[in-house]
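*Asks:* any chance you could fold what I've pasted below:
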Amino acid sequence: MALSDILGGTPARTQQFQRLTQPQQQLQNQSIQQILSLLQNPRTGADQGFAPIEQQARNQFTTQTVPSLAERFTAMGGGQNSSAFQGALGNAASGLEQGLAGLRSQYGIQQQNMNQNTLSSLLGLATQPSFENVYFPRQPGFLESTGSGLSQGLGTILPLLLGGATGSTGGGLMALLKLFGGS
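*Replies:* A predicted model of the protein is given here:
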């Protein structure tokens, strides 16, 4: 603080303070990058995440459904080369594909909802203000404070002094002495 500020006061000012620590700023920047990525590709994760589910259903179909159908048709004497077996196998495969399409759609909707929730959370983090402005009002300096007190004192003493000089009863100097504890 300069001597001129001490004597004459400090002007009103606004100062900007950083609200976020360095790690918080890095997290905010990462959030912005993730937001941009989600906005560019809203189906992120929907196709890759469903692949294991689809693979499991196809493995189950080939290891359980197809052998079960073959066993049933062989036991009935029709064999695996019959048109009835081929029809049943085609129907089962069609059911598998329809089931997978339904699951893929559900999975995509769930993934989209998760992405929207993630986007909302990231937007909340990314839009946090990094800085805060603080207003500091003008502060009077020593000379102003002293001058103000001095003028108030003179405002009280001057009428007493002038009252004595104009000849009013009680005399100004006597009143002044009483004011300061004199007799």
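*Asks:* which stretches of this protein form strands?
*Replies:* Applying DSSP state E to the chain gives strands spanning 13-18, 131-136.
*Asks:* got CSV for those strands, with mean pLDDT, mean neighbour count and distance to residue 89 too?
*Replies:* For every residue, glycine as well, the C-beta is placed using N, CA and C. Putting those into CSV (pLDDT from 0 to 100; neighbours: other CB atoms under 10 Å; distance: least, CB to CB, whole Å) gives the following:
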stretch, mean pLDDT, mean neighbour count, distance to residue 89
strand 13-18, 91, 9, 68
strand 131-136, 90, 10, 68
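*Asks:* so can I have a markdown table of these showing distance to residue 54?
*Replies:* Below are these laid out as a markdown table (distance: least, CB to CB, whole Å):
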| stretch | distance to residue 54 |
| --- | --- |
| strand 13-18 | 49 |
| strand 131-136 | 49 |
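*Asks:* low-confidence ranges, this protein, go.
*Replies:* 1-8, 42-48, 147-155, 157-183 (pLDDT under 70).
*Asks:* rerun that using 90 as the cut-off
*Replies:* 1-12, 18-53, 69-86, 105, 107-131, 138-183 (pLDDT under 90).
*Asks:* helices of that one, residue ranges please.
*Replies:* In the chain, the segments counted as helices under DSSP state H are 3-8, 22-40, 46-60, 66-75, 83-126, 142-165, 172-179.
*Asks:* as CSV, those helices with mean neighbour count would be great.
*Replies:* CSV is the format used below for those (neighbours: other CB atoms under 10 Å):
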stretch, mean neighbour count
helix 3-8, 12
helix 22-40, 13
helix 46-60, 13
helix 66-75, 13
helix 83-126, 13
helix 142-165, 12
helix 172-179, 14
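*Asks:* that concludes my questions; thank you for your assistance.
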